[in-house]
Every structure is written in structure tokens, then in C-alpha cells.
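Trainee: here's my sequence, what's the structure:
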Amino acid sequence: MIYDAIIVGGGIAGLQAAIQLGRYSAYRVLVVDAGKGRSSLCRSYHNILGWPDGVSGEALRSSGRQQAERVGVKFLVDEVLKADKQENHFQLLGSQGQTYHTKTILLATGVSDRFPDLPGLTSLLGCSVYVCPDCDGYEIQDRQTVLMGAGEAGANMAFILRERTKYLTYINHEKTALTPELLNRLNAEGITYIEETISRVNGQEDGMITGVTLEKGTFLPAERGFIAFGGNPVHSELAAQLGVELHKNKHIEANKRSMTTNVENVWVAGDVAVHAEQATVAMGEGALAAIWMNKALKKLKREEHDYSESTTGI
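Mentor: Down below sits the predicted model:
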């Protein structure tokens, strides 16, 4: 079978695109998702319209999938490892050797947050430990905040967070060296700096952080936390295989009006694109991509119809 559209990635962007495409009631749409995206870790998004008390990534993904399935979108759990252009369609190869064929592709493969396997951390993500100052800087306003990070990435995050709270401690967990200039600036801005390994992130069952325990046994109380370890993997490998243009940071370049890439019939949406890496932005990009995929698929159907008529002599 050749699908009209395959969406690689079932996170926020991919699901919004799937819902939009499914509602055209005209296409065979498949979402291929490995089930381990960034949104699956977030226990509570606080900046999404209609959810003033927060909503988990898993809840959004679950309800989004159900909504897409209601309009005929199909889902498969698999990781797409390879993509290449055939004569008149694309071929994708899954992790178990399964091949998928499609006329158009939306790459919504996302970004992963790099962080060490710190006991207690994962259960707090999104509830009281955050990754994005634009999304959740509000949550740390004037609160005792611990920033867990590494080197320059952590220091630069500290300077951003300092605008929100004066009660800020930056723990350089990986002990990555900082320049004298950065150390001086941390001191000048009143940011406590600790270069020591974290042994545990302490929290409550409701997802609220209470503090961190350092390797030498010191306990640092905290009301909120942030992470900034740098080096987040950008999942643009499939784009590169297809010849899609990448930004210098490996995010995918796209036309912001249509989310088209430089490769015909390949779109991108979400964190893997060059953008602000926010769930709300990902939703908008998913919808935009789907609207323009519909335009392209209509054109393809007309061309196929015209070709069929010309070959049959009708």
C-alpha cells in the first residue's frame, strides 16, 4: 500500500497534523511513532490554552491519538531508521524490517533532552522541574530554585533564570570547566555556584521537588528545579537521508508559512524544526504542515487523474 501521508513521530506536532489531515476525509494517513518522545516525559504542561492547572504529555498524546483515530488515521508503533525517495513516492524502513510507502512525509521526529540518570528526577519533570524558561520561567518566580546542569549550557540558563528569582543555585553536576568570565558573572549576579555531582533529586509523590542531595551528602532544599545539560540530540537523521536542508544546529530548515522543506513533498513540524521548541508552537506547525500537505495531495490527485485519462484515451 502507498499511503497518501505518513507522519513520523506521534508527539504534539505529529498528532495535531494527523487530526487536521484526517478531518479532510480524503486520505490514507499513517502515524509511525516509537513512543519515546520528549512530550511523553512531561508530567504537566502549564502554558497550554484551556489547561490552567496543567496537563501531562501522556494525557495529550492519548487523547490526541484517540481524536485522530476517530477521523480514520492509522497508528503503528515502530522506529523509522531509513528514508529514501523512489520514483514517485518515498520508502521508509522500520526497525524490524517493515517498509512503508507514501506520497508525502511529515517529519515530526523531535528533540530529546539530554540529562543524566539521576534518581528521582524523571518523576518530577514538568511538575516542578523544567527545561524551558519561556514555557515555565513563570513557575519559579521568587522561589528557591536549583538548576542542575553542565558547563556553559548551565551557566547561560542560570543567567536567564536569574531574571525570575534571586534564590538560585547552579549545580555543575558534570563538573565541566567554566571560563573565569562566566564564573565572575555568576558571582556578580548573586547566583550560588556548586561544582559537585548530584546523587539524588528529592521530591514528593505529587511531583513537587523538595531539594537535591549532593555526592558528599549535603542536602540543598528547593521549591523548583531546572535542567540544562546541553547537547540535546536533534532527531533529523531521516531529513538528512532525504537531502533536506539542515540548520547549523542540525534542526530542519522550513518555510514558516507552509512548513515545507527544500525537498518536494517533505514537511517538518515541531521541535526538530528551527523554532522555539514549545508544545504550543508545535501544535501550530503541525496544523500548518497538514493544511499545505492537503493542497499538495489535491494537486497529486489531479495529476494522477489527468494521467489516467490520457493513457486510457478518455
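Trainee: run through who's touching stretch 93-100.
Mentor: By Cβ atoms under 8 Å, 6 or more residues apart in numbering, the residues outside stretch 93-100 that reach it are 3, 6, 30, 32, 34, 78-83, 91-92. Quick note: C-beta positions are derived from backbone N, CA and C, even for glycine.
Trainee: go on, stretch 160-175?
Mentor: Contact with stretch 160-175 is made by 116, 118, 133, 137-138, 140-151, 154-155, 158, 178, 186, 189-198, 212, 214, 220, 222, 226, 229, as judged by Cβ under 8 Å, 6+ apart.
Trainee: any quick ChimeraX command for the buried ones out of these?
Mentor: Typed into ChimeraX, the next command selects the buried ones out of those (criterion: 16 or more other Cβ atoms under 10 Å):
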select :118,133,137,140,144,145,146,147,148,149,150,151,154,155,158,178,186,191,193,198,212,214,220,222,226,229
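Trainee: would you list every one of the helices in the stretch 51-200 of the chain?
Mentor: 57-70, 133-136, 151-161, 180-188 (DSSP state H, counting those that start in this stretch).
Trainee: mind listing what's buried in the last one?
Mentor: By that I understand helix 180-188. Neighbour counts over helix 180-188 (16+ other Cβ under 10 Å) mark 182, 185-186 as buried.
Trainee: residues near Val266, how many?
Mentor: The number of residues packed around Val266, counting by other Cβ atoms under 10 Å, is 23.
Trainee: mind checking pLDDT for it?
Mentor: Val266 carries a pLDDT score of 98 in this model.
Trainee: again with Thr312
Mentor: In the prediction, the pLDDT value recorded for Thr312 is 66.
Trainee: rewinding a little: pull out the buried residues from the contacts of stretch 93-100.
Mentor: 3, 6, 30, 32, 34, 78, 80, 83, 92.
Trainee: tell me which two of these sit farthest apart.
Mentor: The largest separation in the buried ones among the contacts of stretch 93-100, counting by Cβ to Cβ, is between Tyr3 and Ala34 at 17.9 Å.
Trainee: tell me if I'm right that Ser236 and Asp271 touch.
Mentor: No: between Ser236 and Asp271 there is no contact, the gap being 10.4 Å when judged by Cβ atoms under 8 Å.
Trainee: distance of Leu297 relative to Val281?
Mentor: As for Leu297, its distance to Val281 is 24 Å (criterion: Cβ to Cβ, to the nearest Å).
Trainee: which parts of the protein belong to which domain?
Mentor: The record assigns the chain these domain ranges, following automatic domain parsing: 2-112+233-312, 122-228.
Trainee: quick revisit: of the buried residues of helix 180-188, closest to Gly72?
Mentor: Proximity of the buried residues of helix 180-188 to Gly72 was ranked by Cβ to Cβ; the top entry is Leu182 with 53.2 Å.
Trainee: now the end-to-end length of stretch 32-41.
Mentor: Chord length of stretch 32-41, first to last residue, is 19 Å (Cα to Cα, to the nearest Å).
Trainee: pull the longest strand from this protein.
Mentor: For the chain, the strand reaching the highest residue count under DSSP state E is reported as strand 99-107.
Trainee: check which residues of that strand are buried.
Mentor: Residues of strand 99-107 classed as buried by neighbour count (16+ other Cβ under 10 Å): 100, 102-107.
Trainee: state the pair within those that is farthest apart.
Mentor: Considering Cβ to Cβ, no two members of these lie farther apart than Lys103 and Leu107, which are separated by 14.8 Å.
Trainee: chain center to the host helix or strand of Val31: distance?
Mentor: With secondary structure defined by DSSP states H and E, Val31 is part of strand 29-33. Here the centre of strand 29-33 is set off from its chain's centre by 17 Å, with Cα atoms, centre = their mean, to the nearest Å.
Trainee: avg pLDDT for that strand?
Mentor: Mean pLDDT, taken over the full extent of strand 29-33, equals 98.
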